[in-house]
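Chemist: requesting a structural model of the entry that follows:
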Amino acid sequence: MSRCLTERSIDHVVLEQGEVANSWRKERWESLRLLTPNWQSKLPGYSYDGEDPDGYMELPEIIDFIDGYAKFLSAPVQTDTTVTSVAYKNDRYQLSTNQGNWQSKAVVLASGAFKIPNVPLFNGALPSSITTITPDQYRSPDQLEEGGVLVVGASATGLQFADEIHRSGRPVTLAIGEHVRMPRVYRGRDIQWWMDAAGVLDERYDEVDDIVRARNVPSPQLVGTPGRLTMDLNSVTDLGVKLIGRFAGISGNRAQFSGSLRNVCALADLKMGRLLDTIDEWALDNAMDDRVEAPERYPATRVDDAPPLSIDLANGKIRTVIWATGFRPDYSWLDLPVLDRKGQIRHDGGVVDSPGMYVMGLTFLRRRKSSFIHGAGDDARDLSDHLVTYLEECATTSSH
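Modeler: Numbers count the residues shown, from 1 in each chain. From the prediction side, this is the model:
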């Protein structure tokens, strides 16, 4: 957004609570890799230029990429600046920070969707003998106690944790709710290549039947590895990870789990099949069939006939619970009536329900790719166009 505003000669400042790429530096685990291939790492005027376009950036590379972009732009970033309040008075936004106050005609909220871990309320009912960890606190298996680990959540983060922790020698149980299954490579090409080429990632928010539902779909089970391996429930089962249903609550010292595991997995398999059908149809319509590998369908997710519906948490077998159950934004500093009853910001494709306010970086903000690095550029162009028009209208009104 800073790049787009600079191109339009709009004076602005970027307020950053920590340092550039702060959350990547301080709130990510050591083995993290992007789930998008390097060729998709691109921002307006800047893109990956290394020797491994089909690889996946490791954490230090991600930090360098974002830090390099800030330097490339000479972006007007003011670091170590915590915004404590945003209010709207006298046709201007009043921003209070630990480094002084600001006024502006327009504000862009780019604080992200992944700020506060979504931890169930019954977390407090876990026995005191169990340590709980959220993804922003996890760094590596070395920090965990010896003994069993219950990983809650089976999207990309939960799968990687289950795989990595089980390989460290700790028995892992994976609690599974709704999830999105995908192969890493399909017909010889990265699944992201297919979704990009077939236009899936460019689908707009105003083109889907139920945008609220689309914005709440879990992130896909995609993990970047040097071998471009598919990681799914079958792959972690092959390692010895135990699968169990959605963590539903706690009764006494027993964790209670949903009995819908088989149905949830069958639905994920069905939806993956539909995605692959869409890709195959696109390949056929665009004369790609003879240039790529043959279509393929994958074995169904293997689930025990009767997975346990409860686990005793007091017998010492489970020592750690990791809540890989997603995140939510933090808008506690917004002194404006722009949040819905669930605490989510009300917006129409990033245009917030407050004059001159915009939001960036949310899931399916304007396009299905909005939450990916390469999705930020198109969203920023659209929203900066709207912002400039708003400022021009403000100038016209004030001149009259």
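Chemist: break down the stretch 51-200 of the chain into its helices, ranges please.
Modeler: For the stretch 51-200 of the chain, the helices defined by DSSP state H, counting those that start in this stretch cover 59-73, 156-167, 191-197.
Chemist: quick one, which of those helices is packed in tightest?
Modeler: helix 156-167 (a mean of 23; mean count of other CB atoms under 10 Å). No exception for glycine: its C-beta is placed from N, CA and C like everyone else's.
Chemist: now that helix: mean pLDDT?
Modeler: Helix 156-167 shows a mean pLDDT of 97.
Chemist: same deal with stretch 357-368?
Modeler: pLDDT averaged over stretch 357-368 gives 96.
Chemist: cool, stretch 105-120 as well?
Modeler: On average, stretch 105-120 scores 92.
Chemist: list the buried residues of it.
Modeler: 105-111, 113-114, 117, 119 (16 or more other CB atoms under 10 Å).
Chemist: list the contacts of the nearest residue to Arg92 once chain neighbours are set aside.
Modeler: Leaving aside its chain neighbours, Arg92 sits nearest to Gln103 (4.9 Å; criterion: CB to CB, 6 or more residues apart in numbering). For Gln103, the contact set (CB atoms under 8 Å, 6 or more residues apart in numbering) comprises 92-95.
Chemist: buried ones among the residues you listed?
Modeler: 92-93, 95.
Chemist: so of those residues, which ones are in strands?
Modeler: 92-93, 95 (DSSP state E).
Chemist: those residues into a markdown table, with extra columns for pLDDT and distance to Leu35?
Modeler: Listed next are those as a markdown table, based on pLDDT from 0 to 100; distance: CB to CB, whole Å:
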| residue | pLDDT | distance to Leu35 |
| --- | --- | --- |
| Arg92 | 96 | 40 |
| Tyr93 | 98 | 35 |
| Leu95 | 98 | 34 |
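Chemist: any chance of these in CSV with distance to Val208 as columns?
Modeler: Output for those, formatted as CSV (distance: CB to CB, whole Å):
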residue, distance to Val208
Arg92, 35
Tyr93, 31
Leu95, 34
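Chemist: quick check, Leu267 in a helix?
Modeler: Yes: assessed with DSSP: H, G, I helix; E, B strand; the rest coil, Leu267 lies in a helix.
Chemist: excluding chain neighbours, what is closest to it?
Modeler: Glu178 (7.8 Å).
Chemist: which residue ranges of the stretch 251-400 of the chain form helices?
Modeler: Going by DSSP H, counting those that start in this stretch, the stretch 251-400 of the chain shows helices at 261-285, 376-399.
Chemist: as JSON lines, the buried residues of stretch 105-120 with distance to Pro135 would be great.
Modeler: Shown next, in JSON lines, are the buried residues of stretch 105-120 (distance: CB to CB, whole Å):
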{"residue": "Lys105", "distance to Pro135": "37"}
{"residue": "Ala106", "distance to Pro135": "33"}
{"residue": "Val107", "distance to Pro135": "28"}
{"residue": "Val108", "distance to Pro135": "26"}
{"residue": "Leu109", "distance to Pro135": "22"}
{"residue": "Ala110", "distance to Pro135": "21"}
{"residue": "Ser111", "distance to Pro135": "17"}
{"residue": "Ala113", "distance to Pro135": "14"}
{"residue": "Phe114", "distance to Pro135": "9"}
{"residue": "Pro117", "distance to Pro135": "7"}
{"residue": "Val119", "distance to Pro135": "11"}
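Chemist: looking at those residues, which is nearest Arg215?
Modeler: Nearest to Arg215, judged by CB to CB, of those is Ala113 at 9.4 Å.
Chemist: skipping its backbone neighbours, what lies nearest the closest one in space?
Modeler: That would be Leu362: by CB to CB, 6+ apart, it lies 4.8 Å from Ala113.
Chemist: give me the neighbour count for that neighbour.
Modeler: 21 (other CB atoms under 10 Å).
Chemist: surely it and Asp379 touch.
Modeler: No: contact criterion CB atoms under 8 Å: Leu362 and Asp379 do not qualify, at 9.3 Å.
Chemist: residue contacts, the residue nearest to Ala113?
Modeler: 113, 215, 329, 345, 347, 350, 370-371.
Chemist: where is pLDDT lowest across these?
Modeler: Minimum pLDDT for those is recorded at Ala113 (83).
Chemist: I figured that one hits Val359, correct?
Modeler: No: using CB under 8 Å, Ala113 is not in contact with Val359, being 9.4 Å away.
Chemist: before we move on, back to that, make TSV out of the contacts of Leu362 and add distance to Leu387.
Modeler: Formatted as TSV, the contacts of Leu362 follow (distance: CB to CB, whole Å):
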residue	distance to Leu387
Ala113	20
Arg215	22
Pro329	20
Ile345	16
His347	13
Gly350	10
Ser370	17
Ser371	21
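Chemist: backbone phi and psi for Tyr242, please?
Modeler: To be clear, residue 242 is Lys; Tyr isn't right here. phi -90, psi 130 (degrees, to the nearest 10).
Chemist: that one bridge partners, please.
Modeler: Lys242 has the following beta-bridge partners by DSSP bridges: Thr173.
Chemist: what about it, distance to Gln143?
Modeler: 22 Å (CB to CB, to the nearest Å).
Chemist: ditto for Val208
Modeler: 40 Å.
Chemist: tabulate the CA atom coordinates of stretch 190-199 in CSV.
Modeler: Extracted in CSV, the C-alpha atoms of stretch 190-199 (Å, rounded to 0.1, in the frame of the first residue of the first chain):
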residue,chain,number,x,y,z
ASP,A,190,2.7,-27.1,-8.0
ILE,A,191,-1.0,-27.0,-7.1
GLN,A,192,-0.5,-23.2,-6.7
TRP,A,193,0.5,-23.0,-10.3
TRP,A,194,-2.7,-24.7,-11.3
MET,A,195,-4.9,-22.5,-9.1
ASP,A,196,-3.1,-19.4,-10.4
ALA,A,197,-3.3,-20.4,-14.1
ALA,A,198,-7.0,-21.6,-13.8
GLY,A,199,-8.0,-18.3,-12.2
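Chemist: what does that stretch contact?
Modeler: Applying CB under 8 Å, 6+ apart, the contact partners of stretch 190-199 are 36-37, 40, 54, 182-187, 200-202, 222, 228, 275, 278-279, 282, 286, 369.
Chemist: any idea of the pLDDT on the closest residue to Gly147 other than its chain neighbours?
Modeler: Leaving aside its sequence neighbours, Gly147 sits nearest to Arg319 (CB to CB, 6+ apart; 3.4 Å). We note a pLDDT of 97 for Arg319 in this prediction.
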